[in-house]
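*Asks:* Please work out how this folds:
(chains A and B, ligands or ions: 1)
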Amino acid sequence: MNHTSTLPGAAVSSQQGRLAVQDGQSGDTGDTAREACLLRGLRDLFAARDANDLRAASLALDACRVRFGCARATRGAAPCTTPGADTADTPGHWQEAEYAFNRLFVGPMAVPAPPYASAWLETEPRLMGEAAMDMRALYHALGRAVPGEGTAPDDHLSFELDAALALLALRGAGNRIASSSDPAPATAPSTPAADVEDAWRWLVAEHMGAWVPRFVQRALAEPGVPPAIARALAMLLCWQEDAATACASLHHIETAESAGGTDAFRPSVAPGVAPRPGSADKSEACGTSETIGAPGASSPHSTTA
Amino acid sequence: MPDSTGPNAPDAPNRASSRGGSSCSMSRRSFLKGLIASGALATLPCGLLLPRTASAAPFNKKDFQIFRNACPRNCYDTCSIVTYVRDGVVQFVEGAPESTFTAGGLCVKGYAYPRRVYSPDRIKYPMVQDGRGSGNWRRVSWDEAMQRIASKLLEIKEKDGNLLGLALTKYSGNFGITNYGVEGMMSSLGYTTRLVGTPCWPAGIDAQNYDLGDMWCNDPEDMEKSHYVIIWGANPAWCSVHSMKYVYAARERGAKIVVIDPVLTQTSAKGDVAWQPETGSDGALALGMARHVLDLGLVDRDFVTSNAVGFEEFAAYLRNNVTVEWAAEKSGIPADDIRRVAEEFATAKPATIWIGYGMQRHVNGGAAVRAIDALVAMTGNVGKVGGGARYGHLQTWGFNYHAMIQKAPAGSTGFVGKTGPKGEFDVTAGSAAPAAYTDRALNINKTAQELLDAQNPPVRVLWSSCKNPFAQDFDRNKLEKAFNKLEMVVSVEQFFTETVRHSDIVLPVTTLFEEWTVNASYWHYWVSLNEQAIAPMHEAKSNIEIAALLSKHMNRLSPGSCTYPQDIDTREWMEKEFNKGVYDLLGISHWQELRKGPAKARMPSSASWSDRKFKTPSGKYEFRSDLCASHGHKALPEYKEGRKPYAPYRLLTPHSKFAIHSQFANLDWMEEFQTEPFVYLHPALAKAKGIADLDTVRVFNPIGEVKLRAKITETVPGDCLLLYEAWFRKLDFNVQNLVDDESADMGAYKTGAPGVAIHDQFADVARA
Ligand code: SF4
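*Replies:* Next up is the predicted model:
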């Protein structure tokens, strides 16, 4: 899903950091479209208000996978979860899913997995913490804001996924910008494309990496998680991990070439470091299913790390 | 709930460190500016995020917006709060320095308020439970929730021909004046059923009304001028921390501090003398002291002849029926101690007694308060600065009750017959001309039984706001049966309490930071503005906004079925509570002045009754109250026997330092101090029962049982089991499993229903 990952053998040297991105453009349609499809589905699922929303988002997610395959499987890795496995598509089935969804994420009872970054990232769990303000700043930078700013916590998972979707689109645009000009000097403090990359990296690796894995793990530890929600949680985790890992590979190069070039990003996500403690759930979530899509490069990191 | 990796898990904190903390805050990230400049933002595929309007406030980290708030819980102190807001988020709160009472500091609970507003546990949306108690909740829009409720109300009105099938239970969860709009909502629908009275302090209110004609205490700030302070059945070191500075100041000026409580409390520990009398023997103790004062000739003759009636009859009662030895035997306090304190009290002028609410939660509680009033009066301490029988007051509550006073729709029918006041704050009591119909009153202190018994019509719909009935109403098991009879339960809440679990619909309600209102105290004399400091989080609405929305739906379905205004502005409604009387009392000309800080009532004296013009029928202090006799009590403050034990040990369920009733204990900051409930028992009792410290035990009686761990302490008497009342979010603990609904002697006169004998309860204990 990272652009570099689809370019077997792309020699991403320190001089070619941007080029790699540029090159990615040619192959990004499939992966970007897959990622966008996934992000949209996940966003809508975690924003669901009722059984209909859940059903629509879940079916959309399943459709993404049928259409695009599993990113991991494409690379030859163990695939991420099973495709749409809901045996029943009845109102009662989705009604039960709604109750379970509310017990996990919404309330009115205290929920085990509040879908807000601040609930996980604050020293003492709360809402509207620093993480929410970080997200607000990012939305503002994108010229956006959550509906009812100050009322809805900015760091609700579905808003964060919406922002990821936005950055994904900007990355596509930025890549085109980058490709149309000479490779930027390595020390250039900021170009639109670099800013987008930094923002993306911050969001998916640093910010979401700090809470999404724990959120997913906690939710999946609950009894009776309906399959549709379990699949979505697994896909969320796979996406976040892969996106973070890809960023880290890329970032590793960039920081090497331009340490201190931007104070915006610290190498908090090192290549190969799974941002999630405990790997048992990982295999449970991502490794239990049949292979989807075509096998691809065995490891996205091997050529870059 | 297994919680090993959840956001509340011990390991959850500090992951923040992996993100670099504030040194890496987003505001400093260079890519933010770059994104804005990139010009590529117009076509983003966002489905939820809206284009941001350019007018959004600029973010300046150094600036706080400062707001005025007030702690609206049922706490003596009703603190004036200063709230610091940044980015539209409450960052922290502190006590207002302008109030000499709050004096710049809150209590540990008050400082935890930001944890409440931003608790991940907060109820965020209106929700409907498919099957009460099933745990199957659906999110609904406000409109859908209101539509359902309105339809149900119209259905029962159609069926019964009136709305008496709708009952309201509300008490002290939020004392902000505009929250009386909940009562207003009921009135605007027609004549309904009300759970009336108060579980808190009614016996004492009636007692003071019989003796003095009103409940009216001195300014607590003048306690520092007392030469002798008796704190009787109150624990201000925990429950009115701001009052303690006056107690300490009095002692620094030479006053002796006597604390009377069956339990050795934190306040007892700070007193000079700590008496631990037999629970419920307070009346005997006060009368024994009175007898000794009489014997020594220390009666204030001037007061009892000029300003009182019935003293000679009272003196005769004392001589004929009371001895110090009798009082010593009843109370367990040695006769010589009683004599010494009585003499000191009578000779130190001024001397005062703080009558706590705990000591009147008995079948003889009203009688005991009358005996204490008599002791203060006969020693000439009523009407004196630094003196007084301090219980509470409502002097600063003269608001318009605009939100509360609403008209029934034309043609409404209701209850026919005589009704009393609907609680201590019912400003309409006795003022209105007799109407053809009224609300139906049920005793709030017997909620379970009353809900079970109500007929023609039965209570079909219960609306609960500013209250957690399952935590506060007595005999929980019976209450569960009563709830099973209800056709619909609507609870207006912030957290998932046991009451919400037993509801069909829950509506999220605003916290103090999210609404405009005004707050007065029943103890001190400061009045505080409560500004809306932040937008309501999630989908919360204030009680009056909920009422307006219900009215909209009622009228849409059946025009004219509800008179409540349908479009309201909470700030305007706060303004409408003020009047000239309030302004004059506070010495302000406009409520806006309260934005600069709370204002204190300008009373003629810090002493109540300084002009000795009592509001009794005689206009004098009434040692003999014929009114009291006409209500079925004794005319004199005679001793009344306590409740007969029905189990081996007395059960006490007082307040903890870390909760106000069912509020606060669920916040994480309070959980750090109070992680679980304990039953406290004396080493001798523990030994007799074979209970070791921290053993799990059962406390049980005919009402029910609770299981919890025991703590062994010499601070509780040997025949007592003490459990602090609280609602813990993660624990199935409820003291109301053990407390029955036995009435106190008084309360019906001024609050509409007798009080409840919360501390006349008994239970047994065994290792679990
Ligand atoms: S609980 Fe009482 S003492 Fe604490 S902040 Fe509120 S009013 Fe003040």
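*Asks:* In space, what's closest to residue B:529 - neighbours in sequence excluded?
*Replies:* Leaving aside its chain neighbours, residue B:529 sits nearest to residue B:594 (3.7 Å; criterion: CB to CB, 6 or more residues apart in numbering or on different chains). Just so you know, the C-beta spots here come from the backbone N, C-alpha and C atoms, and that holds for glycine as well.
*Asks:* ok, the one you found to chain A distance?
*Replies:* As judged by CB to the nearest CB, to the nearest Å, residue B:594 and chain A stand 24 Å apart.
*Asks:* That residue and residue B:526 touch, don't they?
*Replies:* No - counting by CB atoms under 8 Å, residue B:594 does not reach residue B:526; the two are 10.2 Å apart.
*Asks:* In terms of neighbours, single out the busier of these two.
*Replies:* residue B:526 (28 against 22; other CB atoms under 10 Å in any protein chain shown).
*Asks:* residue contacts, that one?
*Replies:* Going by CB atoms under 8 Å, 6 or more residues apart in numbering or on different chains, residue B:526 touches B:78, B:80, B:99, B:101-102, B:396, B:598-601.
*Asks:* Also residue B:476?
*Replies:* B:470, B:703-704, B:734, B:736-737 are the contacts of residue B:476 under CB under 8 Å, 6+ apart.
*Asks:* run the last query once more with 7 Å
*Replies:* Applying CB atoms under 7 Å, 6 or more residues apart in numbering or on different chains, one finds that residue B:476 lies in contact with B:470, B:704, B:734, B:736-737.
*Asks:* from those residues, which two are the most distant?
*Replies:* Maximum pairwise distance among the contacts of residue B:476 (CB to CB): 12.7 Å, between B:470 and B:704.
*Asks:* Which helix in chain B has the most residues?
*Replies:* helix B:142-160 (DSSP state H).
*Asks:* So that helix, near chain A or not?
*Replies:* No - residues of helix B:142-160 are not located near chain A by CB under 7 Å from any CB of the partner chain, the shortest gap being 10.3 Å.
*Asks:* Next, the buried residues of that helix.
*Replies:* Within helix B:142-160, the residues that count as buried by 16 or more other CB atoms under 10 Å in any protein chain shown are B:142, B:145-150, B:152-154, B:156-157, B:160.
*Asks:* next one: stretch B:340-352
*Replies:* Under 16+ other CB under 10 Å, the buried positions of stretch B:340-352 are B:341-346, B:348-352.
*Asks:* Lowest-confidence member of the residues you listed, which is it?
*Replies:* Least confident by pLDDT among those: that is residue B:349, with 94.
*Asks:* which residues does the residue nearest to residue B:529 contact?
*Replies:* B:68, B:528-529, B:588.
*Asks:* Now for those: which two are most distant?
*Replies:* Largest separation among the contacts of residue B:594 by CB to CB: B:68 and B:588, giving 13.4 Å.
*Asks:* returning to that earlier point: cross the contacts of residue B:594 against helices and list the overlap.
*Replies:* Assigned to helices by DSSP H, none of these qualify.
*Asks:* So which bits of the stretch 401-550 of chain B are right by chain A?
*Replies:* Counting by CB under 7 Å from any CB, the stretch 401-550 of chain B sits next to chain A at B:496, B:500, B:506, B:534-538.
*Asks:* Out of the residues you listed, give me the one that has the most neighbours.
*Replies:* residue B:506 (29 neighbours).
*Asks:* what helix or strand is that residue on?
*Replies:* Assigned by DSSP states H and E, residue B:506 belongs to strand B:505-508.
*Asks:* I'd like the contacts of residue B:476 written out as TSV, with secondary structure, distance to the ligand and neighbour count added.
*Replies:* Output for the contacts of residue B:476, formatted as TSV (DSSP: H, G, I helix; E, B strand; the rest coil; distance: CB to the nearest ligand atom, whole Å; neighbours: other CB atoms under 10 Å in any protein chain shown):
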residue	secondary structure	distance to the ligand	neighbour count
B:470	helix	22	22
B:704	strand	29	18
B:734	coil	22	24
B:736	helix	22	27
B:737	helix	26	20
